[in-house]
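>>> Got a sequence here, can you model it:
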Amino acid sequence: MNRSLLLWPVLGAAALATANLLLAQPTTSPQQQPAPPAANAAPTAQVERGRYLVQLGDCVACHTQKGGARLAGGRPVGTPFGRLLSANLTPDTQTGIGRYNPDTFYRAMHEGIDHEGRHLYPAFPYNYYTQVTREDSDAMFAYLRTVPAVNHAVDRNQLPFPFNIRQLMIVWNAMFLDKGPYKPVAGKPPEWNRGAYLVEGLGHCQACHTPKNMLGANKDRDAFRGGTLGVWFAPDLTGNRRTGLGGWDDATLREFLRSGANTHSAASGEMGEVVAFSTSQMNDADIAATIAYLRTIAPSPDLKVEAPDAQVMKQGEAIFQDACAACHRMDGSGVPRLFPPIRGDANLQQSDPATLIHFVLAGTRKVPVDASPTPLSMPAFGWKLSDQQVAAVLTYSRNSWGNSAPAVTGKQVEDLRKKLKLETQPRAEPPVDLAHPGALTLSTANTDSRANGTGDAGKAAPASDKLPTTAGQASGAQGGGSAPSGQGGSGGSNAAGSGAPKEKGGGRPAGVPAGGG
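Got it, this is the predicted structure:
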């Protein structure tokens, strides 16, 4: 990203000149009157449907500050271009979306323009939400109007010059925004179209799982092949059997989306939040549609891997036997549904080892949900292993038992350790906070995911949220049927303010020229 940061001032000057010509006056909004009071705003059925949509859009994960009120914003959202705070999505008229109405809300979703005519940054993923139908947008807004209003001012735009110039987004949108809403593809079955609507729209899976160019837009040729996200790597979602979903059958993938765990893997970190707040809430029809669409994504090409250094492999084997084999076994088979196998594990064989390095250095904890409530943990090893030792054990694991992936270098570990702000020198005794990692950011230590003012996190969706999908509704392209969902791993949503295919405290940036709304 360093090259992009060097180029941006030049691009910014040119774009600003263009934008000034186009923006002699602020963009006008369709209507400036706020919506009527929530009590009269929408019928209950629409509100309940909107709740389902908001859950599946993962809005709570980004828009709830740790220890803060639900959807009141303020959570740090990191991007390669600067840090922002997520927007307040409660209906407070001073600090939230209380001055929005259905028209201005839809415009934010569809075009990335707020109720005052200001351009939002693509950190709020309107470049995906533009696929959402007007009917679904109206339902989301109807639900958000019923959320308790919280007066919580958030200074969302904390970006440095020139990224704080919103007019730059005129140029970005002209280059990269493909306006929706989604139109069904002729000749494809309704279930496939529904899945495409979910994955490409509200689910915004590509925000994390597709690599970005220097301007933060998707590299379309590499769609769903995995994306580097600061201190994480969102894995390949294509049909590749080694690095993607090709080795998982439909039942296995369904189990992961529903519970965050299966015989292959367990969700933690950023994907853990997606499961807790989003995919675990999906109804059966939407899970099936999501899987149907993902199954049609062409496999990514296999990685070209050089044989690792024999001495590094020998060192890595010794470390693995000492630090890893008790749980993952010496043959990499793990313990079914307790400790994931690493033999044949797709996550272990990704092109970018950032997530693996993160787990070894800082530890991790599986997300607890009703379907799989035990929050099993992996302890941190950054306190006792040097950068070279971490690199060696990961290189060994990525190239044993039939696995094949590029070697990990000590420099990669060193760089990530600095980003995580961990100690640089191993110590003899473990510090408590590293030896036993706390829960995910969606919860507090020694609690399940329903702490942190987010009462629906990780809980099974109420019956009212599990909307049936009929044949006539299945495509979702007309705004009918059950609500969009189906995140393969992406990031939060918002309507109106900021959000961002994100990095939340080092997590998932979208890599767009700025964040915040």
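
>>> which stretches of this protein have low pLDDT?
Residues of the chain meeting the criterion pLDDT under 70: 1-43, 156-157, 425, 428-517.

>>> at 80 what do you get?
Counting by pLDDT under 80, the chain contains low-confidence residues at 1-43, 77-80, 84, 155-159, 163-164, 374, 423-517.

>>> Residue ranges of each domain in it, please.
2-183, 190-294, 310-350+380-435 (automatic domain parsing).

>>> Can you get me the centre-to-centre distance for the shortest one and its chain?
Centroid displacement of domain 310-350+380-435 relative to its chain, using Cα atoms, centre = their mean, to the nearest Å, is 24 Å.

>>> Distance check, Ala61 against Val77.
11 Å (Cβ to Cβ, to the nearest Å). For the C-beta atoms, the positions are set from N, CA and C on the backbone; glycine is no exception.

>>> roughly how far apart are the closest residue to Thr279 other than its chain neighbours and Trp192?
The shortest distance from Thr279 to any residue that is not its chain neighbour, by Cβ to Cβ, 6 or more residues apart in numbering, is 4.2 Å, and that residue is Leu257. Using Cβ to Cβ, one gets 17 Å for the distance from Leu257 to Trp192.

>>> just Leu198 next, same as before
Distance, Leu198 to Trp192, by Cβ to Cβ: 11 Å.

>>> Looking at those two, which one has more neighbours?
For the pair Leu198 and Trp192, the greater number of neighbours falls to Leu198 (30 against 19), based on other Cβ atoms under 10 Å.

>>> Which phi and psi values does Ile113 adopt?
The phi/psi pair for Ile113 (degrees, to the nearest 10) reads phi -130, psi 130.

>>> That one: neighbour count?
Neighbourhood size, Ile113 [other Cβ under 10 Å]: 23.

>>> Against Leu89, how distant is it?
As judged by Cβ to Cβ, Ile113 and Leu89 stand 17 Å apart.

>>> Same question for Asp302.
For Asp302, the distance to Leu89 - Cβ to Cβ - is 42 Å.

>>> Settle it for me: which of those two has more neighbours?
Each of Asp302 and Leu89 has its neighbours counted (other Cβ under 10 Å); Leu89 has more, 30 against 12.

>>> The more buried one contacts Gly96, doesn't it?
Yes. Between Leu89 and Gly96 there is a contact at 6.4 Å, judged by Cβ atoms under 8 Å.

>>> Can you name the helix or strand that Ala123 falls in?
According to DSSP states H and E, Ala123 maps onto no helix or strand at all.

>>> Next, it: phi, psi?
Main-chain dihedrals, Ala123, degrees, to the nearest 10: phi -60, psi -30.

>>> I figured it hits Val77, correct?
Yes. With the criterion set as Cβ under 8 Å, Ala123 and Val77 qualify as a contacting pair; they are 6.3 Å apart.

>>> For the two, indicate the residue with more neighbours.
Of the pair Ala123 and Val77, Ala123 is the one with more neighbours under other Cβ under 10 Å, namely 38 against 35.

>>> where along the stretch 301-450 of the chain do the strands fall?
Defined through DSSP state E, counting those that start in this stretch, the strands belonging to the stretch 301-450 of the chain, from first to last, are 364-365, 377-378.

>>> hey, what's in contact with both of Leu89 and Gly96?
Applying Cβ atoms under 8 Å, 6 or more residues apart in numbering, one finds that Leu89 and Gly96 are jointly contacted by Ala72, Gly73.

>>> ok, back up a step: as CSV, the domains of the chain with distance to Val367 would be great.
Written out in CSV, the entries for these read as follows (distance: least, Cβ to Cβ, whole Å):
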stretch, distance to Val367
domain 2-183, 11
domain 190-294, 3
domain 310-350+380-435, 14
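
>>> most packed of the ones you listed?
Mean neighbour counts were compared across the domains of the chain using mean count of other Cβ atoms under 10 Å; the top stretch is domain 190-294, at a mean of 23.

>>> mind checking how far that domain is from the chain centre?
9 Å.

>>> do the same with stretch 186-198
Average the C-alpha atoms of stretch 186-198, do the same for its chain, and the two points are 22 Å apart (Cα atoms, centre = their mean).

>>> Convert the C-alpha atoms of it to PDB, please.
Only the C-alpha atoms of stretch 186-198 are listed here, as PDB (Å, rounded to 0.1, in the frame of the first residue of the first chain):
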ATOM      1  CA  ALA A 186     -31.600 -14.900 -17.300                       C
ATOM      2  CA  GLY A 187     -31.300 -18.700 -17.500                       C
ATOM      3  CA  LYS A 188     -30.100 -19.100 -13.900                       C
ATOM      4  CA  PRO A 189     -32.400 -20.800 -11.400                       C
ATOM      5  CA  PRO A 190     -34.100 -18.600  -8.700                       C
ATOM      6  CA  GLU A 191     -32.000 -20.100  -5.900                       C
ATOM      7  CA  TRP A 192     -28.800 -19.100  -7.700                       C
ATOM      8  CA  ASN A 193     -30.100 -15.500  -8.300                       C
ATOM      9  CA  ARG A 194     -31.000 -15.300  -4.700                       C
ATOM     10  CA  GLY A 195     -27.600 -16.400  -3.700                       C
ATOM     11  CA  ALA A 196     -26.000 -13.900  -6.000                       C
ATOM     12  CA  TYR A 197     -28.100 -11.100  -4.600                       C
ATOM     13  CA  LEU A 198     -27.100 -12.000  -1.100                       C
END
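
>>> Please convert the strands of the stretch 301-450 of the chain to a markdown table, extending it with distance to Asp322 and mean neighbour count.
Output for the strands of the stretch 301-450 of the chain, formatted as a markdown table (distance: least, Cβ to Cβ, whole Å; neighbours: other Cβ atoms under 10 Å):
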| stretch | distance to Asp322 | mean neighbour count |
| --- | --- | --- |
| strand 364-365 | 20 | 21 |
| strand 377-378 | 15 | 18 |
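
>>> Turn these into a markdown table, including distance to Asn240.
Rendered in a markdown table, the data for the strands of the stretch 301-450 of the chain read as follows (distance: least, Cβ to Cβ, whole Å):
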| stretch | distance to Asn240 |
| --- | --- |
| strand 364-365 | 24 |
| strand 377-378 | 25 |
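
>>> What ranges does the stretch 301-450 of the chain have for its helices?
Shown for the stretch 301-450 of the chain, the helices assigned by DSSP state H, counting those that start in this stretch span residues 310-323, 325-328, 354-362, 387-398, 410-420, 432-435.

>>> closest one to Leu85 among the ones you listed?
helix 410-420 (19.5 Å; Cβ to Cβ).

>>> which secondary structure elements does the closest one contact?
Helix 410-420 makes packing contacts with helix 354-362, helix 387-398 when contacts are defined by 3 or more Cβ pairs under 8 Å, 6 or more residues apart in numbering; DSSP states H and E.

>>> who wins for proximity to Lys183 among these?
Using Cβ to Cβ as the criterion, the shortest distance between Lys183 and the helices and strands packed on helix 410-420 is 35.1 Å, found for helix 354-362.

>>> what sits in contact with each of Leu198 and Trp192?
With contacts defined as Cβ under 8 Å, 6+ apart, the residues adjacent to both Leu198 and Trp192 are Ala289, Tyr293.

>>> So which residues of the stretch 101-250 of the chain form helices?
Counting by DSSP H, counting those that start in this stretch, the helices of the stretch 101-250 of the chain are 102-111, 126-129, 134-144, 168-176, 190-197, 206-209, 250-259.

>>> Turn these into a markdown table, including distance to Gln389.
Written out in a markdown table, the entries for the helices of the stretch 101-250 of the chain read as follows (distance: least, Cβ to Cβ, whole Å):
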| stretch | distance to Gln389 |
| --- | --- |
| helix 102-111 | 48 |
| helix 126-129 | 40 |
| helix 134-144 | 48 |
| helix 168-176 | 42 |
| helix 190-197 | 43 |
| helix 206-209 | 29 |
| helix 250-259 | 31 |
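
>>> Leu53: which of the ones you listed is closest?
Distances from Leu53 to each of the helices of the stretch 101-250 of the chain were compared using Cβ to Cβ; the shortest belongs to helix 134-144, at 4.8 Å.

>>> by contact count, what packs against the closest one?
For helix 134-144, the contact count by 3+ Cβ pairs under 8 Å, 6+ apart identifies helix 44-56, helix 102-111 as packing neighbours.
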